[in-house]
Every structure is written in structure tokens, then in C-alpha cells.
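Enquirer: need a 3D model of the sequence below.
(2 chains)
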Amino acid sequence: MQLREIMERLGLELVTKDVDIQGREVVWAYTSDLLSDVMANAQTGDLWCTIQRHLNIVAVAKLKELGGIVLANGIIPSEDVVAKAAQEDVPIFVSRFSLFELSGRLYELLRGESDS
Amino acid sequence: MSPRRIVEEAKKRGIHIIAVTDHNSCENVVYVKRIGDRLGIEVIPGMELQTEEEVHLLAYFETTEAALSFRDAVYPYLPNVKNDPDYFGDQVVVDEDEVVVGIEEKLLLNSLSLSLDECVRMVREYKGVPIPAHVDRPSFGVINQLGFIPDYLGFEAVEVSRSLTPEQALARWPELGRYAILSGSDAHYPEDIGAVVTLFLMEEPSWDGFVEALKGRKVQVIHRSLNLGMGESAL
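Expert: Predicted coordinates:
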């Protein structure tokens, strides 16, 4: 599904304004706050849902070539994180939902897509 | 683990320097230091901080005063949750005569609402030395929580748990080679004191010697050996 469509349907806010998400797609997602776990278990292209806001999230997303990061609970990343993400071309979104609800809604969206 | 018992055990086991790093707290250091001064054991005041990423960070300070001011600075960032002694035990402060002189009401095992980066910056602001704790451990170790140790934090040293040697840690995480590697008993019971020690090459047991040895990586971790030579000190 197009990132832009996910963003609109889940009411996400794109905080990395300089990252152009036009035409970018994700097919699946991964939810975790432990970066070692993300490095070990997330799949290339996944949209990553987390409440982890440390700067290392950008490096991990880049390393794993993830489709983007969604911070749950309305967590706003620091300027450092946004700047680094812009530099590395990693889109970061903010969701007002808890991780549970965000993951559930995202699962419904992406599952429907992969079934069709 | 009263202050008196800690210092007496350390002395009995030929240890010259100890550090006391209570979780998100440091008031007990005052009394450990008093007994240390009396018995000739150098006591380095410290704390083990739990950051918002659930990373454990050790903070060492030159003086008790610096450690206490630092503690006052981070205390407001400890969530306002009361300890339940039935679940977590009493959080007591014990003086040199083994008398309970204080009880901490806030639950100390929580995370501070400060990031690792903020904690590191604050420790240095108070002229302390920040060292990531038990970086090998699957819970609360920086590598597990954050995937890797951020370079830009410029740590001089890292600590590994007593469950592995520095060589084993290096084999698994070669990037640790850029730091001095420390270890210790992380004793929570008197009989564990000195099970693992770190030798610091220094002129005499002191804060300056400790910092110099860290920077110069003149340290060596010893497992279950307490035969310390002259001119060496163990932490």
C-alpha cells in the first residue's frame, strides 16, 4: 500500500517534511522497541511501529532498509532525530494511537491489501 | 549489605577501591564512604541510572557532594510512583552503625524520564564519568536496547557483566575494542563481593588514578582471583 494512503487512512503526521514519500509503498510492518530485535527480525521494507525515540532508530531503519518509522502515543521525535532522518531519507510519522491500536489498525489495512 | 559489611568484605578480600552504584539513588554512599575512610578503602560514589530507553548507565563521581547534587538533579525525572515494599522490599538508607536513617518512598526501579543522551550529558555536567553498564546483557544493556553503542556519546569505557570475560565480549561485539572494558562482581550479596574485579594501573588508589587508567585503558578484568599485586587496585 502507498505510504501516503496509509498516512491518510490512519491520520498519521509526517514529521520529516523534507522526505518525499510520493510513490513509496510498504507491504508489511513490524512493531518493537528493542533495536537489537528490530535489527534481527524486521524485514526489508517494513513500516516500523515503535515508541523508541533514540537517535539510533534512524540508523537501524537505514541499515535494515525499512519503509519508514511510525512513533506511537503521539511521541514527537527530537530535532536531531528529524534532521538525521531527513539526511538519511527515512520518513518518520507520528500517530496519536497507542502501539497496540496502531499495530491493530495497520494490520487490518495491510492484511486486506495482501489478501486482495 | 549494610555499608559496614560492604567495606569490611572488600577489605578482607584485598580490594582497594569499591564503587557503590545504587539504582537511581546514591544516599547510601555517604555512609559507605565514611566507613571506607576509616578502614582505608577508597570509595567512589556513583549511581546506576535507568534511562527512558531502559538502558542502564553507571555514573561515577569524584566526591559524595557531586554525586548527591547529581542525584538531586535527576530525582525529579523519576516517575512519581510509590514503592510497594511487599513487592519490591524496603528502599532503605543505612548509616555506619547499621541504623536505618531513611526510607525512599518513590519506586527506584522505574526508568527516569531522561534519554541516554541526556543522562550522559548531565553526568558530565557534574564532572562525572558515564559508563554503560553490563552492555552484554539481554535486559537493560545498551546493545540490546539500542542495537549498538552510539559513537557520538564518546564513552571511555564500557562494563560487561560477570557472566562473561572481556575476551568473550570482544569476540561477540568487536566494536567494544574501542573502549576500556571493565567488569565487577555487581555484588548484591556480601559473599559476591570480589568475585570479579578490575585491576586499574595507578600510582595509588584515587579518583584521578581511576580516570587516568580508564582513559589510558590500563585496566584488566580478573575473574575469581583476589591475589592483587602491589601498585594495583581493584574496583
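
Enquirer: doesn't B:Gly147 make contact with A:His54?
Expert: No: with contact defined as Cβ atoms under 8 Å, A:His54 does not reach B:Gly147; the gap is 9.2 Å. Backbone N, C-alpha and C define where each C-beta goes, glycine included.

Enquirer: and for A:Tyr30, the neighbour number?
Expert: Here the number of neighbours of A:Tyr30 (other Cβ atoms under 10 Å in any protein chain shown) works out to 18.

Enquirer: got a list of what it touches?
Expert: Residues counted as contacts of A:Tyr30 (Cβ atoms under 8 Å, 6 or more residues apart in numbering or on different chains) are A:38, A:41-43, A:46-49, A:66.

Enquirer: near chain A, which residues of chain B?
Expert: Residues of chain B lying close to chain A (Cβ under 8 Å from any Cβ of the partner chain) are B:53, B:115-117, B:143-148, B:150.

Enquirer: quick check, the residue in chain A closest to chain B?
Expert: Evaluated by Cβ to the nearest Cβ, chain A has A:Leu35 as its residue closest to chain B, separated by 3.3 Å.

Enquirer: could you tell me which residues touch both of A:His54 and B:Gly147?
Expert: Residues within reach of A:His54 and of B:Gly147 at once, by Cβ under 8 Å, 6+ apart, are A:Leu35.

Enquirer: that older thread, show the buried residues in the contacts of A:Tyr30.
Expert: A:38, A:42, A:46-49, A:66 (16 or more other Cβ atoms under 10 Å in any protein chain shown).

Enquirer: mark which of those residues are part of helices, please.
Expert: Cross-referencing the buried ones among the contacts of A:Tyr30 against helices under DSSP state H gives A:Val38.

Enquirer: between which two of the buried ones among the contacts of A:Tyr30 is the distance greatest?
Expert: A:Val38 and A:Leu47 (11.9 Å; Cβ to Cβ).

Enquirer: for the residue lying closest to A:Lys64 once chain neighbours are set aside, phi and psi?
Expert: Counting by Cβ to Cβ, 6 or more residues apart in numbering or on different chains, A:Ala42 is the residue found nearest to A:Lys64 once chain neighbours are left out, at 5.3 Å. Per-residue torsions, A:Ala42: phi -70, psi 150 (degrees, to the nearest 10).

Enquirer: please, where are all the strands along chain A?
Expert: With DSSP state E, the ranges of strands along chain A come out as A:13-14, A:29-31, A:47-50, A:68-71, A:92-94.

Enquirer: would you turn these into TSV with mean pLDDT?
Expert: Conversion of the strands of chain A to TSV gives the following (pLDDT from 0 to 100):
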stretch	mean pLDDT
strand A:13-14	98
strand A:29-31	98
strand A:47-50	98
strand A:68-71	98
strand A:92-94	98
